[in-house]
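**Q** Just a sequence and a predicted model for now, questions to come.
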Amino acid sequence: MVSGRTLFDLADELELRVPTSCSRNGACHECIVEVKSGMEALSPRSAAEAFLSGPYRLACQAVVCDASHPVEFALLRRHPQILTDTEARACELDPAVSRAGNRVCYEGEPIDEFRGHVCGAAVDAGTTTAVVNLVDLETGVTVGSSAFENPQRFGGSDVMHRISYDSGPFRGEMHKAIVNGVNHELRVMCERLGITRHEIYELVVTGNSTMRDLFFGLDVQCIGQRPYRSSVERAWRAGERPHTALLGEAHTLGLWMHPCGRVYGPPLVASHVGADTAAALAAIDVESRNEIFMLVDAGTNTEVVLGHAGRLVCASGPAGPAFEGGGVRFGMPGVSGAIESLGWNGAGFDHRVIGGGAPQGMCGSGLIDLLAELRRHGRMSARGVFAGGAREIAVAPEAGISLSRADVSNLAQAKSANYCAQYILMRHYGIGPADIQKLYLAGGFVNYLDVRNAVEIGFLAPVPEERVVKIGNASLEGGREMLLERRKRRTIERVAQAIEHVELETVPDFFEIFVEGCLFDRIF
């Protein structure tokens, strides 16, 4: 390590791809890195880094001042495994963008001459992970796909912290971070595919209420205050809007696409139940579901929808990031190096690592396996107490990976948020797990979890396993379908308005239910 060089220079030497679009002068704020150790060896924060705190720096501004101290840093743009088994269903091709001869039209109005491709993009802006699909609007084929960790992490790991950050002196940085992230992925895909930015004419962006509104650059402060409603939802309830869907202009939002392009944000359902849930409902053709189903989209903010086409109820639970890499010492998202599944062999844990190689931590599906195995083999009580009074259990000792009592406490609370949303909705609806004909598991790590293990620790309702359907990133699939089929937009805008929202924290015995939900047992 040489003094006087920036972390960006070091990344170049290591052949790490650090995004930038400002020639490394600190203007674009794309090159954020997390300094794991050695912060004291770096220069003080520059004026361009004033919006950052804690372990975060701009790689182009952080200069090594003391080469005798090693510096360890990580990109905020690790690429998680993409849910490749999400079913891409056939659509009735009727996009808002179409071609008439040599003209490209938006809703029938010419906006460009045909350049060789007519493309759109579906974006799922999750709290932890974002995914971008590039779609040929004339064939409906997804021609490129990319997933990356949401670069808004410097503002907090959950929506409430990001709302607080965005309400402070650096309002707009959250919007800039996610837009820059999407732009970077679009550039890389287009370079690989020989497509220009001017051939991307529409983008559909899904995400929970906070993530969607941050993408559109809206003030999200009211989502963090009771009754936790977006400014868009408040306007709709006041009769000032026909629905809660959004339509923006690409050039206004700073997106790397045709300047006359449009950006559609599917409707919000209610409170923290956002456009990602609406898109997931579109992906399962909710309007045709006459049997009772439950949709569980588990993540940093878990959303649950229960019912049938005639009556739907929903709720959200602030699960936090414990199952997605936060609040657990060796927790991490589902990226290369994460233990995604494991089992007890009598002497230790056999495990499988994403991408192979040595484990670096554990993602959500691996953590659920671990908790279930500890319970199954008597090494942990239902209350999360380790056998023999141990404070820590070795999981992968060769890599120094373990699980602590503090980790278990955080996981118990995250699990309980999922439990409360499912249990309270079923009670409100007047049914039990046996009455649910389909349990749809959407998004994130639930696509990879072992359902039996999840039921055993009370993470999922004990619906008969043959009725459980993993639908992958349904939010992204729903976004793709709304990109290709305008009817889907109209349908889900109508359906979203009729869903009854249950505020969990207002339920009289919510605290008692939450405490019960912290038990690692079949508690439904």
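**A** Perfect, I can see it now.
**Q** contacts, neighbours, all on C-alpha from now
**A** OK.
**Q** for the top helix by length along the chain, packing partners?
**A** Longest helix of the chain, by residue count under DSSP state H: helix 405-429. Using 3 or more CA pairs under 8 Å, 6 or more residues apart in numbering; DSSP states H and E, the elements in contact with helix 405-429 are strand 302-308, strand 311-317, helix 510-517.
**Q** Select, out of these, the one closest to Pro333.
**A** Pro333 lies closest to strand 302-308 among the helices and strands packed on helix 405-429, at 16.0 Å (CA to CA).
**Q** name the helices or strands packed onto the helix or strand of the chain with the lowest mean pLDDT?
**A** None of the helices or strands of the chain scores lower by mean pLDDT, DSSP states H and E than strand 72-75, at a mean of 86. Of the remaining helices and strands, those touching strand 72-75 by 3+ CA pairs under 8 Å, 6+ apart are strand 32-37.
**Q** next helix or strand past the strand it packs on?
**A** The C-terminal neighbour of strand 32-37 among helices and strands, as given by DSSP states H and E, is strand 56-58.
**Q** outside of that next one, which residues touch it?
**A** With contact meaning CA atoms under 8 Å, 6 or more residues apart in numbering, strand 56-58 is reached by 26, 29-35, 45, 49, 154.
**Q** Which of the residues you listed ranks first by neighbour count?
**A** Neighbour count (other CA atoms under 10 Å) singles out Ile32 as the most crowded of those, with 29 neighbours.
**Q** For Gly254, see how far away the closest residue to that one other than its chain neighbours is.
**A** Of all residues not flanking Ile32 in the chain, Leu58 sits nearest, at 4.5 Å (CA to CA, 6 or more residues apart in numbering). Leu58 sits 21 Å away from Gly254, going by CA to CA, to the nearest Å.
**Q** Those two: which is more packed in?
**A** Legend: neighbour count by other CA under 10 Å for Leu58 and Gly254, higher for Leu58 (26 against 14).
**Q** so what are the domain limits for this structure?
**A** Domains of the chain are assigned by automatic domain parsing as 7-75, 97-271, 328-399.
**Q** right, and the ones you listed - which one's nearest Ala461?
**A** Smallest distance to Ala461 across those (CA to CA): 14.4 Å, for domain 328-399.
**Q** Now the terminal residues of the closest one, how far apart.
**A** End-to-end for domain 328-399, by CA to CA: 16 Å.
**Q** what does stretch 426-436 give?
**A** Using CA to CA, first and last residues of stretch 426-436 are 9 Å apart.
**Q** coming back round to it: report the strands that pair with the helix or strand just after the least confident helix or strand of the chain, each with its relative direction.
**A** Once strand 72-75 ends, the next helix or strand along the chain (criterion: DSSP H and E) is strand 97-100. Strand 97-100 has its sheet partners listed here by DSSP bridges as strand 103-106 (antiparallel).
**Q** Quick one: residues in contact with the partner strand.
**A** By CA under 8 Å, 6+ apart, strand 103-106 touches 96-99, 110-114, 118.
**Q** would CSV of the domains of the chain with distance to Glu500 be doable?
**A** Formatted as CSV, the domains of the chain follow (distance: least, CA to CA, whole Å):
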stretch, distance to Glu500
domain 7-75, 39
domain 97-271, 8
domain 328-399, 30
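**Q** so which of those domains comes closest to Arg480?
**A** Using CA to CA, the nearest of the domains of the chain to Arg480 is domain 97-271, at 5.3 Å.
**Q** Now for the residue positioned nearest the centre of the chain: which residues touch it?
**A** Geometric centre of the chain, nearest residue: Gly126, 2.4 Å, by CA atoms, centre = their mean. Gly126 sits next to 150, 207-208, 211 when contact means CA under 8 Å, 6+ apart.
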